[in-house]
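A.B. asks: here's a sequence, model it:
(one chain, ligands or ions: 2)
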Amino acid sequence: MPFTVAIVGRPNVGKSSLFNRIIGERFSITDDVAGVTRDRIYAQAEWLTKRFSLIDTGGIDVGDAPFLTQIKHQAEIAMDEANVIIFVVDGLSGLTDSDYYIAKLLYKTDKPVIVAVNKIDDIVHAHNAFEFYALGFGDPIAVSSHHGIGVGDLLDKTLSYMVEEEKVHEKGIISFSVLGRPNVGKSSLVNAIIGEERVIVSDISGTTTDAIDTTFTKDKQKYTIIDTAGIKKRGKVYENLDKYSVLRAMTALERSDIALLVLDATAGIQEQDGHVAGYIMQYMRGCIIVVNKWDLIEKDSKTMKKFETEIRETFKFLPYAPIVFVSAKENQRVHTIFPVLREVYENFTKQLPTKLVNDTLYDAVAMNPPAIFNHGKANFSYATQVDTKPPTIAIFVNDPVFIHFSYERYLQNQFRDNFELTGTPLKFVFRKKDNYED
Ligand SMILES: Nc1nc2c(ncn2[C@@H]2O[C@H](COP(=O)(O)OP(=O)(O)OP(=O)(O)O)[C@@H](O)[C@H]2O)c(=O)[nH]1
Ligand SMILES: Nc1nc2c(ncn2[C@@H]2O[C@H](COP(=O)(O)OP(=O)(O)OP(=O)(O)O)[C@@H](O)[C@H]2O)c(=O)[nH]1
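C.D. replies: Ligands and ions are numbered 1, 2, ... in the order given. Purely as a prediction, here's the structure:
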């Protein structure tokens, strides 16, 4: 479970400035995740080799609610999701009633709260921080998001609460999440999967309070199902907020080997399904497409094929994802998911023999040599697998800039033809040979 830090505070104190300062461009991996790019409410960050997730609750749109209700929801999200909360206040304008209001909300949590007094751009104003002792969260830390002053101290203190994480990703356990747009039947599917398997070994509730990961054993294989739908959050106002569900999908993906992408057979494929599929692809997780509510479909011999064709055409970037058809509510065919999970996990964790990897590369290049691109021609030396989850292959080349994306796609297809990689992405890392040789 990633260590998560949430930033809260009333509007205009500089939450998003601090967020951006902490992630720094280099560390932001959400940058190219469609839909979140502009929003930037969630990112991976790193400080002195410690990796953590950062949430800017100020970016979570909580509708047209009155101002105090909005910050209340944001504070609740922080208390639900984070291990540590950074409470940002404005050192130029001083303490306000809204700050006290937020403080009162945060008294309810037993998680550490650190007060960051922002906009202290000049050390001579550091004394402005003192009045914020009154909030009752101990030593306030003076920072300037604009100039980066004090941010290191703030992170030192924040990450001092990071303890050795409980190992959720125990070896050999297949962890998977159930993702999809609202109402496709995620909760029903989770219930059907867990309900079917009565030998529940343990309920691991994670370090963040509301994430419930359930581990169970089926046919001697352990699985951990990662909660995403906010099953426990029913009734809370922010349950259906778009950005909030995106955030939950991402934290779940981070911890999953495999994502089940749930579609509603009665609704056809919708734009939002594509967004969810995009996240799964960009996080490079294994993927199984689950067409749910199959009981409601009038079927003839061609129905499945028709669905499959439509799915393949829409999700061109997920050609590797196997498709299963189920009814979560009627508990039909739900058991067919398990063998597919095992197969996909095997491929996701696969080690490809080096000789075959190179043969595949050489054959592909011989069959279809690269053309000139960017004023040069790619000259491939050799390839080797450098990682799993997903299988990752380093390909050494005279200069990666000469590789056109369509050639990369060609190589991908050749590798997929030669190796059994159903359900898993295959990652290529192109490396300039000269940097590593001679
Ligand atoms: N002088 C100074 N101004 C800052 C600093 N950090 C942020 N600001 C300014 O404060 C204003 C608000 O900053 P934001 O980062 O948008 O604040 P926010 O808390 O995310 O605001 P909301 O999105 O409304 O919640 C902007 O005009 C920033 O330029 C700082 O360290 N020093
Ligand atoms: N007929 C039929 N109805 C289903 C099936 N799966 C779910 N439903 C119904 O679809 C509705 C939505 O199901 P949920 O499981 O709550 O869907 P969800 O994706 O978790 O929804 P959110 O929590 O809003 O994201 C409910 O009325 C379910 O009873 C199914 O396989 N067949």
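A.B. asks: so which residue is smack in the middle of this protein?
C.D. replies: Nearest residue to the geometric centre of the chain (Cα atoms, centre = their mean): M250, 2.8 Å.
A.B. asks: touching, it and G278? I think so.
C.D. replies: No - when contacts are counted by Cβ atoms under 8 Å, M250 is not listed as touching G278 (11.5 Å). In short, each C-beta sits where N, CA and C put it, glycine included.
A.B. asks: picking that back up, which one is the residue nearest to the centre of the chain nearest to, not counting chain neighbours?
C.D. replies: Closest residue to M250 apart from its sequence neighbours, by Cβ to Cβ, 6 or more residues apart in numbering: Y42 at 5.8 Å.
A.B. asks: for that neighbour, what are its contacts?
C.D. replies: Neighbouring residues of Y42 by Cβ atoms under 8 Å, 6 or more residues apart in numbering: 30, 36, 53-56, 246-247, 250-251.
A.B. asks: also Q74?
C.D. replies: 8, 57-58, 60, 62 are the contacts of Q74 under Cβ under 8 Å, 6+ apart.
A.B. asks: which parts of stretch 311-320 are buried?
C.D. replies: Buried residues in stretch 311-320, defined by neighbour count with 16 or more other Cβ atoms under 10 Å: 311, 314-315, 318, 320.
A.B. asks: got a list of contacts for it?
C.D. replies: For stretch 311-320, the surrounding residues in contact (Cβ under 8 Å, 6+ apart) are 261, 263, 269, 273-274, 277-278, 280-281, 287, 289, 291, 321, 323, 416, 421-426.
A.B. asks: bridge partners for the residue nearest to M250, pull those for me.
C.D. replies: Note on Y42: beta-bridge partners I55, judged by DSSP bridges.
A.B. asks: which pLDDT value goes with it?
C.D. replies: Per-residue pLDDT puts Y42 at 79.
A.B. asks: likewise for H127?
C.D. replies: H127 carries a pLDDT score of 85 in this model.
A.B. asks: repeat for A78
C.D. replies: 87.
A.B. asks: what sits closest to it if chain neighbours are left out?
C.D. replies: Closest residue to A78 apart from its sequence neighbours, by Cβ to Cβ, 6+ apart: A6 at 3.6 Å.
A.B. asks: doesn't the one you found belong to a helix?
C.D. replies: No - assigned with DSSP: H, G, I helix; E, B strand; the rest coil, A6 falls outside any helix and is strand.
A.B. asks: I figured it was touching I85, is that so?
C.D. replies: Yes - shown here, A6 and I85 form a contact pair, counting by Cβ under 8 Å, at 5.3 Å.
A.B. asks: picking that back up, out of the contacts of Q74, which end up buried?
C.D. replies: Neighbour-count burial (16+ other Cβ under 10 Å) applied to the contacts of Q74 gives 8, 57-58, 60, 62.
A.B. asks: right, is stretch 315-327 up against ligand 2?
C.D. replies: Yes - judged by Cβ under 6 Å from any ligand atom, stretch 315-327 comes into contact with ligand 2 through S327.
A.B. asks: give me the neighbour count for whatever residue of the stretch 1-150 of the chain ends up closest to ligand 2.
C.D. replies: Residue nearest to ligand 2 within the stretch 1-150 of the chain: D80 (16.0 Å; Cβ to the nearest ligand atom). A count of nearby residues for D80, using other Cβ atoms under 10 Å, gives 20.
A.B. asks: what's the answer for the one 3 residues further on, then?
C.D. replies: Applying the criterion other Cβ under 10 Å, we find 24 residues in the vicinity of N83.
A.B. asks: give me the low-pLDDT residue ranges for the stretch 201-350 of the chain?
C.D. replies: Counting by pLDDT under 70, the stretch 201-350 of the chain contains low-confidence ranges at 201-212, 227-243.
A.B. asks: contacting residues for the residue of the stretch 151-300 of the chain found nearest ligand 1?
C.D. replies: Here the residue of the stretch 151-300 of the chain nearest ligand 1 is V151; by Cβ to the nearest ligand atom that distance is 9.5 Å. Taking Cβ under 8 Å, 6+ apart as the contact definition, V151 lies against 18, 21-22, 143-145.
A.B. asks: and the residue of the chain that's closest to ligand 2?
C.D. replies: For the chain, Cβ to the nearest ligand atom, closest residue to ligand 2: G185, 3.0 Å.
A.B. asks: surely that residue and W294 touch.
C.D. replies: No - the criterion here is Cβ under 8 Å, and G185 misses it with W294 at 10.2 Å.
A.B. asks: what is the neighbour count of the nearest residue to S327 once chain neighbours are set aside?
C.D. replies: Nearest non-adjacent residue to S327, counting by Cβ to Cβ, 6+ apart: D295, 3.9 Å away. D295: 16 surrounding residues under other Cβ under 10 Å.
A.B. asks: likewise for the one 10 residues further on?
C.D. replies: For K305, the neighbour count with other Cβ under 10 Å is 9.
A.B. asks: cool, K108 as well?
C.D. replies: 10.
A.B. asks: same thing with the one 4 residues further on?
C.D. replies: For P112, the tally of surrounding residues (other Cβ under 10 Å) stands at 17.
A.B. asks: so which residues of the stretch 151-300 of the chain form helices?
C.D. replies: Secondary structure of the stretch 151-300 of the chain (DSSP state H, counting those that start in this stretch): helices at 151-159, 186-196, 242-255, 271-282.
A.B. asks: deepest of the ones you listed, which one?
C.D. replies: Here the criterion is mean neighbour count by mean count of other Cβ atoms under 10 Å, and of the helices of the stretch 151-300 of the chain the winner is helix 242-255, at a mean of 21.
A.B. asks: tell me the phi and psi of T384?
C.D. replies: Backbone torsions of T384, given as degrees, to the nearest 10, read phi -150, psi 150.
A.B. asks: host element of A383?
C.D. replies: A383 belongs to strand 380-387 when assigned by DSSP states H and E.
A.B. asks: give the next helix or strand downstream of that strand.
C.D. replies: strand 392-397.
A.B. asks: which strands border that next one, and is each parallel or antiparallel?
C.D. replies: According to DSSP bridges, strand 392-397 has the following sheet partners: strand 380-387 (antiparallel), strand 427-432 (parallel).
A.B. asks: what is the mean pLDDT for that strand?
C.D. replies: The average pLDDT within strand 392-397 is 93.
A.B. asks: only C-alpha atoms, please: export that strand in CSV.
C.D. replies: Extracted in CSV, the C-alpha atoms of strand 392-397 (Å, rounded to 0.1, in the frame of the first residue of the first chain):
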residue,chain,number,x,y,z
THR,A,392,10.1,-5.5,-19.6
ILE,A,393,12.7,-5.8,-22.3
ALA,A,394,15.6,-3.5,-22.8
ILE,A,395,16.6,-3.2,-26.4
PHE,A,396,20.0,-1.7,-27.2
VAL,A,397,20.1,0.4,-30.3
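A.B. asks: please consider this matter closed, and thank you.
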